[in-house]
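Here is my input; please provide its structure:
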Amino acid sequence: MFATPEQFASINKSAVETMLTIANTAFASVERLAALNLNTARTALEDSVANTKALFSAKDPQEFAALQASLARPTLEKAVAYGRSVYEIATEVQGQLSKIAEGQATEIKQNIATTLDKVAKSAPAGSDVAVAAVKSAIAAANSAYDSMSKAAKQVAEMAEANVTAATDATVKAVGSAATKAKKAA
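Residues are numbered from 1 along each chain as shown. As a prediction, this is how the structure comes out:
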C-alpha cells in the first residue's frame, strides 16, 4: 500500500516529462507568435510606404478619396488575417494543453482506482460499503468532469464560429462601404 522508491521515481519522471511538454508547447507558440508579429510589422511598413506614395500621387481630391477607399479594404483584410492567425495559434496551444491535462486526469483516475483496489483488499471486514461509496463518489465526479469538458468544448466551438462570422461580416461591411465611397467620389 505504501509507495516504493521506484514508484516515486516513476511519478517524478512523468511529472518532469509533462512539464517539458508544456514548456516546449509554450516556446513553440511564442516562436510562432514572434514570427507572425515580425512578418506583420514588415508587411505593414511596406504597405504603409506604398500607400503613402500612392496617396501623394493623387492629382485631385476625388482621386485621393477613391485611392483612400480602395486602400481600406486590403488593410482591414490583413488585420483580420492577423487576428485569425493569432486566434489559430492560441486555439492550437489551448488544444495541446487540454490534451496534456486530459492525459494527466486519466492517469490520476487510474492511480486512484488502483489505490482504492489495494485499500479494499487490505481493508478490515465490513468496510466494503465505505469503499463502494468512495468509488461511487469518484465515478460521479469523473462523470461530472467529462460533462463539463464536453460542454467547454462545445462553447469553444460556438465561440470560434461566432468569431469567424463576425470577422467575415466586418470585412464585407468595410468592402461595401469602400465601394460606396468610390462611387461617391
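
quick one, helices of this structure?
Under the criterion DSSP state H, the chain contains helices at 5-56, 61-122, 128-184.

Report the distance from the longest one to the chain centre.
Meaning helix 61-122. From the chain centre to the centre of helix 61-122 is a distance of 1 Å (C-alpha atoms, centre = their mean, to the nearest Å).

circling back: need the helices of the chain in TSV with mean pLDDT and mean neighbour count, can you?
In this view, the C-beta of every residue, glycine as well, is placed from N, C-alpha and C. Below are these laid out as TSV (pLDDT from 0 to 100; neighbours: other C-beta atoms under 10 Å):
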stretch	mean pLDDT	mean neighbour count
helix 5-56	91	12
helix 61-122	86	14
helix 128-184	77	12
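
contacting residues for E107?
Contacts for E107 were tallied using C-beta atoms under 8 Å, 6 or more residues apart in numbering; they are S14.

V134 versus that one, what's the distance?
Taking C-beta to C-beta, to the nearest Å as the criterion, E107 is separated from V134 by 19 Å.

Could you measure from the most centrally placed residue in the chain over to K59?
The chain has T91 as the residue nearest its centroid, 2.0 Å off, counting by C-alpha atoms, centre = their mean. T91 sits 47 Å away from K59, taking C-beta to C-beta as the criterion.

ditto for T21
As judged by C-beta to C-beta, T21 and K59 stand 60 Å apart.

Over to A58: give its phi and psi.
Here the main-chain torsion angles of A58 (degrees, to the nearest 10) amount to phi -60, psi 140.

is it true that it touches F64?
Yes - with the criterion set as C-beta atoms under 8 Å, A58 and F64 qualify as a contacting pair; they are 3.9 Å apart.

Next up, the contacts around F64.
Listed by C-beta under 8 Å, 6+ apart, the contact set of F64 reads L55, A58.

Looking at this structure, which residue reaches furthest from the middle?
The chain, farthest from centre, C-alpha atoms, centre = their mean: A125 at 50.2 Å.

what about that one, distance to V131?
The span separating A125 from V131 equals 12 Å under the rule C-beta to C-beta.

ditto for R32
In this structure, R32 lies at 49 Å from V131, with C-beta to C-beta as the measure.

Likewise for A35?
A35 sits 54 Å away from V131, going by C-beta to C-beta.

Over to Y87?
47 Å.

What of A165?
As judged by C-beta to C-beta, A165 and V131 stand 51 Å apart.

Could I get the contacting residues of D117?
Contact criterion C-beta under 8 Å, 6+ apart gives no residues in contact with D117.

Perfect, I'm done here.
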